[in-house]
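# Give me a 3D structure for the following:
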Amino acid sequence: MMLVEQTPIQDLVLPLAQLKQYLRLASGFADAADQDGLLLRHLRAAMAQIEARTGKILIRRDFNWTVTHWRDPVRQILPVTPVSAILHVTRITADGRETAANADHWYLLQDSQRPGLVAKAGLLPRIPPHGAIRIGLRAGFAPDWADLPADLAEASLMLAAHHYDSRHDFSVGGYAVIPAAVLALVAPHRPLRLGARR
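Here you go, the predicted structure:
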């Protein structure tokens, strides 16, 4: 199963000015235009880490998710949340031919923890032998930074600032280290693990 981002976040959506302000307050950051690219990279890296840790997409964008088998032929749990729309369900044969699955046969079950593609009646579309199904989905809390949950926005800024401040200190483990304050902010958004695997 593979999730691929289709609509990358534009630089203008990212809170570059807020990160600069945060760095000035936290560590005496010297504002310089030639730092913008570096700061944006740290922001993107921080957001990616938080999304991976929580399973929740911050800025709304489109993804393709390809599956080769259903874990449940009636309800397939989606890999991220919050999901606002299923854009398409496409059957792909072993030789690469693609056909759209009938949208009358499935619907999006919106759920803050376990959104799913659910069969309206019977089973989800059959996956071709040695083929796959590609699900287009739109996921994310909001199209703009200002509308994100405050704790996740703050965690992203804190983690980006941490990466910037420790970019030359390889003893801290680089991007592998997430400060405790960031972990505390994202903890309420971690996926719930109850019962059997998804």
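# Flag every buried residue along whichever strand or helix holds Leu23.
Using DSSP states H and E, Leu23 maps to helix 16-27. By neighbour count on 16 or more other C-beta atoms under 10 Å, the buried set for helix 16-27 is Leu16, Gln18, Leu19, Lys20, Tyr22, Leu23. Where you see a C-beta, it was placed from the backbone N, CA and C, and this is true even at glycine.
# taking the mean pLDDT, what do you get for that helix?
Averaging pLDDT along helix 16-27 yields 82.
# Now do that helix: distance to the chain's middle.
24 Å (C-alpha atoms, centre = their mean, to the nearest Å).
# That helix packs against which elements?
Using 3 or more C-beta pairs under 8 Å, 6 or more residues apart in numbering; DSSP states H and E as the contact test, the elements touching helix 16-27 are helix 36-54, helix 150-165.
# What lies in contact with the shortest one?
Outside of helix 150-165, the residues within contact range by C-beta atoms under 8 Å, 6 or more residues apart in numbering are 15, 18-19, 22-23, 26-27, 29, 38-39, 42-43, 45-47, 49-50, 54, 56, 58, 141, 145, 174-175, 177-179, 181-182, 185-186, 188-189.
# If we only consider the buried residues of helix 16-27, which is nearest to Pro149?
Checking those against Pro149 by C-beta to C-beta gives Gln18 as the nearest, at 15.2 Å.
# what's the spacing between the closest one and Tyr164?
In this view, Gln18 and Tyr164 are 13 Å apart by C-beta to C-beta, to the nearest Å.
# again with Leu152
From Leu152 to Tyr164 the distance is 19 Å (C-beta to C-beta).
# so where is the chain shaky, pLDDT-wise?
Low-confidence regions of the chain, defined by pLDDT under 70, span residues 25-33, 169-176, 192-198.
# In contact with the residue positioned nearest the centre of the chain: list those residues for me.
For the chain, the residue nearest the mean C-alpha position is Ile57 (3.3 Å; C-alpha atoms, centre = their mean). Contact partners of Ile57, counting by C-beta under 8 Å, 6+ apart, are Glu51, Phe63, Val80, Thr81, Pro82, Ala139, Gly140, Phe141.
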